[in-house]
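Trainee: Predicted model follows, preceded by the sequence.
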Amino acid sequence: MDETFLNELNKSQQEAVLFNDGPSLVIAGAGSGKTRVLTYKIAYLLSQGIPAESILSLTFTNKAAKEMKERIAQMVGWQTSRRLWMGTFHSTFSRILRAESDILGFTSQFTIYDSSDSKSLIKVIVKELGLDDKIYKANAIQNRISFAKNNLITAQSYRANNNLLETDRQSKIPQVAEIYTIYARRCKAANAMDFDDLLLFTNILFRDHPEILAKYKDFFQFVLVDEYQDTNFAQYLIVKRLVEDHHRLCVVGDDAQSIYSFRGANIDNILSFKTTYPECRIFKLEQNYRSTQNIVNAANSLIEKNKGQIQKKVFSQNAEGEIIKVYSVYSDYDEGFTVANAIGEIHAQSAYSEFAILYRTNSQSRVLEEALRKRNIPYRIYGGLSFYQRKEIKDVLSYFRLVINPYDEEALKRVINVPARGIGTTTIDKLMDCAHTQDVSAWDVLSNILKYNLNVNSGTASKLSKFRDIISPFISLLSELNAYELGTAIVKASGILTEALMDNTPENLSRKDNIEELLKAIHEFCEMRAEEDGSTVYLADFLSEVSLLTDQDKTDEDDNNRVTLMTVHASKGLEFKHVFIVGMEEELFPSARSLSSERDLEEERRLFYVAITRAKETCHISYAKSRFRNGKNNFCNPSRFIKDIDPKYLNLPQQDFQSISNRDTEFKSSFFERKSSSFQQTSMPKVTPNSFQSQKPLRKITSSPDAMGQTKEINGLHEGALIEHAIFGQGTVISLSGEGSDARAIVSFDSVGQKNLLLKYAKLNIIE
DNA sequence: TCTTCATAGTTTTTT
DNA sequence: ACTATGAAGA
């Protein structure tokens, strides 16, 4: 096989690719061609005669796996490439768990609970135990359980672990162990695993069944792990077990980019790789091919402030480039405006797809979106609630889940009364209670209400039976019809679409669209498979694929020339010509939660490092003096991290308010009166004084005397007024009520119908 | 049992 | 500003 591709690598990359006789650790600085090393290494292994199906590569996202597979396909052909095992830990081992499920007491059709499923289960258990849900917060419990599972502590070992019990006692939540026990029992009864279980049960499988481990050890002749700095203990141990005989392992990562410790990632995995595999070779990729020298140097000067990194010197031989521009802006609105403006200017030379706006939290996207929309800049948001998290989609998927696995209690609870069938919470509670006390599943009770003595009247009983009769006929069709046929039939029978069709409010229309889009996606998935290898996709196949998909994995749409908006976390592994990092303020970035611990602060700093190193040519940083958060306007200070960067790489603002000084002076007076409408004006591109006057901004809301007069007037708003809302567009004020911060208006919008708006928040411009 | 309204709590990041 | 929960009314 042709090996000339090796010439496309630099010295250290080549060494890393060619060494395959033992474990290796590749420390890959940002932008140093890490993916290139991985793909070339796999191509090289294939050229050495290792069969594709015996190479296992574990990536951080499904998308990364897909892309890598495609790149390898270009080198060695699709026929070979598609036989490679490539995917996330979760998707790879869920496949193996489905194959080996029997021995663990699950069926191969087990459901994967997402975090909202497990949270709701936790809530139920807390309630059943009669605990106070203010003290036993679902999130906190979930974290505790997740932490335990990531460290391979089962419920049983949790109960026996005095350290954990003591910690819980000190945190005034001594009953976590009980909750965990019941939680695990319920999951098992529901034939369900949560995300952490996928790793936990893989470990249990390998630990307790040496013959099965032996099979996979033998099968996977070479294991590669990408983003190794973000693996947790459970993942570390799976890998360790798989390669314990041959040690043919290559892990790639960058300790400076470890940003997932909140999810249990353990930076020690990479730092102590040498201890685990003493004979390992370590390769360092230090030349950055992505960014300009200034960006690399700025990032280096930042990350130097962290202690305990692996020694390395990332450098760039690219152009020196521009230094990082820092913007001081007045508010979050102003920030949106400033960023949109800057993008507009640079756009003369770069396509929109070359830009990214990165932020610490998803909630920051709103204002930015608005500013971009006003400027007609196309954008795409990653993250936030993904398609598969939307209510109607989750409902439909829950119907699918229930048909595939009728024991799936969370799915059952979710859809038993969607659309409304007169089965309320009391009935559901009775049903669950009945099932749990007799140690059977809710589905068993539904299947034989009399036998289990469910205490409901005959009317309710018949409603329940009716629901069961919607689901059960499909169970026998699971391997008869393909995913699309069965999915369509279930949606039809569920009555979910007919409900959405009832009236044509925009919400319902969008629900209908979403459900149709889901069916379309299933259809495409079926066709793709058929083309690929002629196999039939059943509903269960689709579902197992989809439960581990995230936003990152979304296939690109037709129009790709858009600005990307995403969290810094989501940007890991990506690169853009121009990067805007917004919201660089204390308590936001670094987040308020990280301030108390040096360890967390260092992780935040690494996060900032990741953000900066996404940039190829220019990097922009902004911080606002005030920001609207949690329904309130807060004053903020610039992030300490800005000071961590050597100032010679920064173009700092000459003075505060610099960014607004070149703006129409008329607006200045309104900056201090933060009633959003005036800011709306400032974020509009090219507002002429004329157009400004034609829409007078709503002034600060003061309480107007609520005299008995029918026609009220609040802040220049009167009934019948024509107004414009940032999101809903134009509409007419139907009525006004309340006063002060409670002032409300009912507005009839042309696009979305009537809305009851709280004037304190609503951004209204009076047109007439 | 369902719908509507009011209130309280809340936002870190995600497989 | 948004959701989740609870109370009251239908």
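Mentor: Thanks, I have it. Numbering: from 1, shown residues only, chains lettered A, B, ... in the order given.

Trainee: Tell me, how many residues neighbour the closest residue to residue A:351 other than its chain neighbours?
Mentor: Spatially, and ignoring its direct neighbours in sequence, residue A:351 is nearest to residue A:561 (5.5 Å; Cβ to Cβ, 6 or more residues apart in numbering). For the C-beta atoms, the positions are set from N, CA and C on the backbone; glycine is no exception. When counting by other Cβ atoms under 10 Å, one arrives at 10 neighbours for residue A:561.

Trainee: count of residues packed around residue A:419?
Mentor: Neighbours of residue A:419 (other Cβ under 10 Å): 14.

Trainee: Select the longest helix from chain A.
Mentor: When chain A is parsed with DSSP state H, its longest helix is helix A:506-533.

Trainee: Would whichever helix or strand comes after that one count as contacting DNA strand B?
Mentor: Note on helix A:506-533: by DSSP states H and E, the next helix or strand toward the C-terminus is helix A:539-546. No. Using Cβ under 7 Å from any atom of the strand, helix A:539-546 stays clear of DNA strand B, coming no nearer than 12.4 Å.

Trainee: List of residues touching helix A:539-546?
Mentor: A:94, A:98, A:109, A:112, A:388, A:397, A:400-401, A:403-404, A:478, A:481-483, A:486-487, A:522, A:525-526, A:529 (Cβ atoms under 8 Å, 6 or more residues apart in numbering).

Trainee: mind listing which of those are in strands?
Mentor: residue A:112 (DSSP state E).

Trainee: one step back: how about the secondary structure of the residue nearest to residue A:351?
Mentor: On the three-state scheme (DSSP: H, G, I helix; E, B strand; the rest coil), residue A:561 is labelled coil.

Trainee: Now do the phi/psi pair for it.
Mentor: Torsion angles at residue A:561 (phi, psi; degrees, to the nearest 10) stand at phi -80, psi 70.

Trainee: you'd agree it is up against residue A:380?
Mentor: No. Counting by Cβ atoms under 8 Å, residue A:561 stays clear of residue A:380, with 9.9 Å between them.

Trainee: Run through the residues that contact residue A:619.
Mentor: Taking Cβ under 8 Å, 6+ apart, one finds A:295, A:298, A:324, A:325, A:578, A:579, A:581, A:612 in contact with residue A:619.

Trainee: Make sure residue A:297 is indeed in a helix.
Mentor: Yes. Using three-state DSSP, the secondary structure at residue A:297 is a helix.

Trainee: Pull the number of nearby residues for it.
Mentor: 21.

Trainee: Name the nearest residue to it, sequence neighbours excluded.
Mentor: residue A:649 (5.7 Å).

Trainee: I'd say that neighbour and residue A:325 touch.
Mentor: No. Residue A:649 is not in contact with residue A:325 according to Cβ under 8 Å; the separation is 10.7 Å.

Trainee: Out of the two, name the residue with the larger neighbour count.
Mentor: It is residue A:649, of residue A:649 and residue A:325, that has more neighbours when counted by other Cβ under 10 Å, with 22 against 16.

Trainee: roughly how far apart are the residue lying closest to residue A:479 once chain neighbours are set aside and residue A:515?
Mentor: Leaving aside its chain neighbours, residue A:479 sits nearest to residue A:538 (6.1 Å; criterion: Cβ to Cβ, 6+ apart). Note on residue A:538: its distance to residue A:515, by Cβ to Cβ, to the nearest Å, is 20 Å.

Trainee: go on, residue A:495?
Mentor: Relative to residue A:515, and taking Cβ to Cβ, residue A:495 is found at 12 Å.

Trainee: Among these two, which residue is more densely surrounded?
Mentor: Shown here are residue A:495 and residue A:515; by other Cβ under 10 Å, residue A:515 has more neighbours (20 against 14).

Trainee: mind listing what that one touches?
Mentor: When contacts are counted by Cβ under 8 Å, 6+ apart, residue A:515 touches A:392, A:393, A:396, A:491, A:496, A:497, A:500.

Trainee: does any bit of stretch A:238-257 sit next to DNA strand B?
Mentor: No. Under the criterion of Cβ under 7 Å from any atom of the strand, DNA strand B is not reached by stretch A:238-257; the shortest gap measures 13.2 Å.

Trainee: what do you get for stretch A:392-410?
Mentor: No. Remark: stretch A:392-410 sits outside contact range of DNA strand B, by Cβ under 7 Å from any atom of the strand, the gap being at least 14.2 Å.

Trainee: Just give the number of residues close to the nearest residue to residue A:517 once chain neighbours are set aside.
Mentor: Nearest residue to residue A:517, sequence neighbours excluded (Cβ to Cβ, 6+ apart): residue A:387, at 7.7 Å. If you count neighbours by other Cβ under 10 Å, residue A:387 ends up with 14.

Trainee: Same question for residue A:259.
Mentor: Considering only other Cβ under 10 Å, residue A:259 is surrounded by 23 other residues.

Trainee: what does residue A:651 give?
Mentor: 14.

Trainee: what's across from it in the sheet?
Mentor: According to DSSP bridges, the residues that bridge with residue A:651 are residue A:325.

Trainee: DNA strand C versus that one, what's the distance?
Mentor: The gap separating residue A:651 from DNA strand C is 33 Å, by Cβ to the nearest atom of the strand, to the nearest Å.

Trainee: how about that residue, what does it touch?
Mentor: A:322, A:323, A:324, A:325, A:326.

Trainee: how about a cut-off of 7 Å?
Mentor: A:323, A:324, A:325, A:326 (Cβ atoms under 7 Å, 6 or more residues apart in numbering).

Trainee: Top of the residues you listed by number of neighbours, please.
Mentor: residue A:324 leads these on contacts (other Cβ under 10 Å) with 23 neighbours.

Trainee: returning to that earlier point: and which of the contacts of residue A:651 is nearest to residue A:29?
Mentor: Among these, residue A:324 lies closest to residue A:29 (Cβ to Cβ), at 18.5 Å.

Trainee: Next one, pLDDT for the closest one please.
Mentor: The model reports residue A:324 with a pLDDT of 95.

Trainee: re earlier: and the contacts of residue A:651 as a markdown table, adding distance to residue A:573?
Mentor: Below are the contacts of residue A:651 laid out as a markdown table (distance: Cβ to Cβ, whole Å):
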| residue | distance to residue A:573 |
| --- | --- |
| A:323 | 25 |
| A:324 | 21 |
| A:325 | 24 |
| A:326 | 25 |
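
Trainee: quick one: which of the residues you listed is nearest DNA strand C?
Mentor: residue A:326 (27.4 Å; Cβ to the nearest atom of the strand).

Trainee: Distance check, the closest one against residue A:332.
Mentor: From residue A:326 to residue A:332 the distance is 17 Å (Cβ to Cβ).

Trainee: residues in the stretch 51-200 of chain A within reach of DNA strand B, list them.
Mentor: A:60, A:61, A:88, A:89, A:90, A:91, A:115, A:137, A:139, A:195, A:196.

Trainee: now do 6 Å
Mentor: A:61, A:88, A:90, A:115, A:139, A:195 (Cβ under 6 Å from any atom of the strand).

Trainee: What of the stretch 301-450 of chain A?
Mentor: So far as Cβ under 6 Å from any atom of the strand goes, the stretch 301-450 of chain A lies against DNA strand B at A:361, A:362, A:363, A:383, A:417, A:420, A:422, A:423, A:424, A:426, A:427.

Trainee: which two in the residues you listed are spaced the farthest apart?
Mentor: Farthest-apart pair in those is A:361 and A:422; separation 40.7 Å (Cβ to Cβ).

Trainee: Looking at the two now, which is surrounded by more residues?
Mentor: residue A:361 (15 against 11).

Trainee: Who are the contact partners of that one?
Mentor: Applying Cβ under 7 Å, 6+ apart, the residues near residue A:361 are residue A:567.

Trainee: and stretch A:341-352, which residues are buried?
Mentor: The neighbour-count check on stretch A:341-352 (16 or more other Cβ atoms under 10 Å) flags A:341, A:342, A:343, A:346, A:347, A:352 as buried.

Trainee: Show me which residues of stretch A:534-543 are buried.
Mentor: In stretch A:534-543, counting by 16+ other Cβ under 10 Å, buried: A:537, A:538, A:539, A:540, A:541, A:542, A:543.
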